[in-house]
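[1] Pasted the sequence and its predicted model underneath.
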Amino acid sequence: QLQLVESGGGLVQPGGSLRLSCAVSGRAWELSAIGWFRQAPGKEREGLSCISRSGDRTNYADSVKGRFTLSRDNAKKTVYMQMSSLKPEDTAVYYCAADVSLSMACNLLKKYDYWGQGTQVTVSS
């Protein structure tokens with residue numbers, strides 16, 4: 001069983017930056033790849049990025065590649081998503097999720113096992 005808590009959302013101007021955190025508690029941290037997703041009103045949930053359980057592999061959706069960067073602090077059981085060059089279309093609720101498996105990679109298309117409650121990111125002038 002894992003619990004995930006996102007933080008760091010808020011209001012930011014276009015072109016600005018935010019860092020989201022995903023704090024994880026529970027025994028399966030070492031086996032968990034972490035993914036970030038978002039959902040805007042009226043739109044389907046979108047997979048953005050993921051980081052492997054060792055932290056040495058990442059994947060990014062084309063919509064955020066080059067603007068968002070993931071990092072993982074295994075000692076703190078926290079994954080960070082640094083977001084830069086934010087655009088109004090990045091406005092959404094952002095969720096982190098855990099995929100508990102033996103895989104050494106991460107995959108945004110897999111079914112994730114545990115989810116956080118989400119944090120709102122609003123990009124507006």
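    That came in fine, so what should we check first?
[2] Next one: the spatially most central residue of the chain, what pLDDT does it get?
    In the chain, the residue lying closest to the centroid (CA atoms, centre = their mean) is Trp36, at 2.5 Å. Listed pLDDT for Trp36 reads 98.
[3] Which strand or helix spans it?
    According to DSSP states H and E, Trp36 maps onto strand 32-39.
[4] Dump that strand to PDB, restricted to CA.
    Once non-C-alpha atoms are left out, strand 32-39 reads as follows in PDB (Å, rounded to 0.1, in the frame of the first residue of the first chain):
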ATOM      1  CA  SER A  32       7.700   2.000  -7.700                       C
ATOM      2  CA  ALA A  33       8.100   3.900 -10.900                       C
ATOM      3  CA  ILE A  34       6.400   7.300 -10.500                       C
ATOM      4  CA  GLY A  35       4.400   9.000 -13.200                       C
ATOM      5  CA  TRP A  36       2.900  12.400 -13.500                       C
ATOM      6  CA  PHE A  37      -0.500  13.000 -15.200                       C
ATOM      7  CA  ARG A  38      -2.800  16.000 -15.600                       C
ATOM      8  CA  GLN A  39      -6.400  16.600 -16.400                       C
END
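[5] Distance check, Asp56 against Cys106.
    10 Å (CB to CB, to the nearest Å). Any C-beta I mention is one placed from the backbone N, CA and C, and that applies to glycine too.
[6] Enumerate the positions of stretch 40-54 that are buried.
    Using 16 or more other CB atoms under 10 Å as the test for burial, stretch 40-54 gives 47-53.
[7] and which of those residues is nearest Thr122?
    Closest approach to Thr122 among the buried residues of stretch 40-54 (CB to CB): Leu48, at 16.3 Å.
[8] gap between Ala28 and Leu109?
    Plainly put, Ala28 is 20 Å away from Leu109 if you go by CB to CB.
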